[in-house]
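no sequence on hand, only this structure:
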Ligand SMILES: [Zn+2]
């Protein structure tokens, strides 16, 4: 079978037998993929220092016949994003981003916007950008790319526009806002959001990915966003997000 090549960012790695590695990566033209790198634990030439978490690689592979594991035959390192593996706060946010992509995307379902978004997050945090801010914007836009964009302009029940005459909260069950008057009527557990955070997120939903870094999202609004998106995502996935426990203390540290 002929070999093919694609770019990919490594989302997860695990050992397989004595010498192989199972590699999950996200590619702009293949989507999320899982492959086996035969002899990767031993090979000094083909894979050493390349098959690492978060690395951007040019991967040479043989496709599988039935959409099973592909066979990685070689990889060229394009960008290691080295500081993500050595700095704790950077590592935990990159790990959360990778887990979210694994949970929210399907294999063999490419979306170049998701690849660009992941590159943006890794580059931003690797080059010293605020991890909480970058993570909050990444999570918001990932949900949008996957068809779960939160509706942040009006109360979903009375249709009143967001303004400072009422308080608004996001309902995790619907991903939409509800105002304080309607919320008492429906008695649902909703996550209260400050007007300032809602306005920031409305802007973040409109910007191009490369413009996100310009948004001056203060840390307290980033924390509020991450908590709200965590609640919403937990509801969508109907399961826990493991990486959350590594950033939860930092996120819930209210000033
Ligand atoms: Zn309302």
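Yes, it's here. Treat the numbers as computed from the prediction; the structure is a model and nothing was measured.

all contacts plus neighbour counts: C-alpha atoms, from now on.
Noted.

run the chain-centre distance for the helix or strand harbouring residue 140.
Following DSSP states H and E, one finds residue 140 within helix 131-145. If you compare the mean C-alpha spot of helix 131-145 with that of the full chain, they lie 6 Å apart, counting by CA atoms, centre = their mean, to the nearest Å.

do me a favour and average the pLDDT over it.
Regarding helix 131-145, the rounded mean pLDDT is 98.

one more: stretch 68-78?
The average pLDDT for stretch 68-78 rounds to 94.

try stretch 232-248
Taken as a whole, stretch 232-248 has a mean pLDDT of 94.

list the buried residues in that stretch.
Neighbour counts using 16 or more other CA atoms under 10 Å place 232-233, 235, 243-244, 246-247 of stretch 232-248 among the buried residues.

residues in contact with that stretch?
Residues external to stretch 232-248 that are found in contact with it (CA atoms under 8 Å, 6 or more residues apart in numbering): 89, 92-93, 95-96, 99-100, 103-104, 171-173, 175.

can you tell me how far residue 230 is from the ion?
Going from residue 230 to the ion by CA to the ion, to the nearest Å gives 23 Å.

wasn't residue 15 part of a strand?
Yes: for residue 15, which was evaluated using DSSP: H, G, I helix; E, B strand; the rest coil, the result is membership in a strand.

tell me the contacts of it?
When contacts are counted by CA under 8 Å, 6+ apart, residue 15 touches 21-22.

could you give the bridge partners of it?
Using DSSP bridges, the bridge partners assigned to residue 15 are residue 21.

show me what the worst-scoring helix or strand of the chain on mean pLDDT is in contact with.
Between all helices and strands in the chain, the lowest mean by mean pLDDT, DSSP states H and E belongs to helix 180-186, at a mean of 80. Outside of helix 180-186, the residues that reach it under the criterion CA under 8 Å, 6+ apart are 157-158, 166-169, 190.
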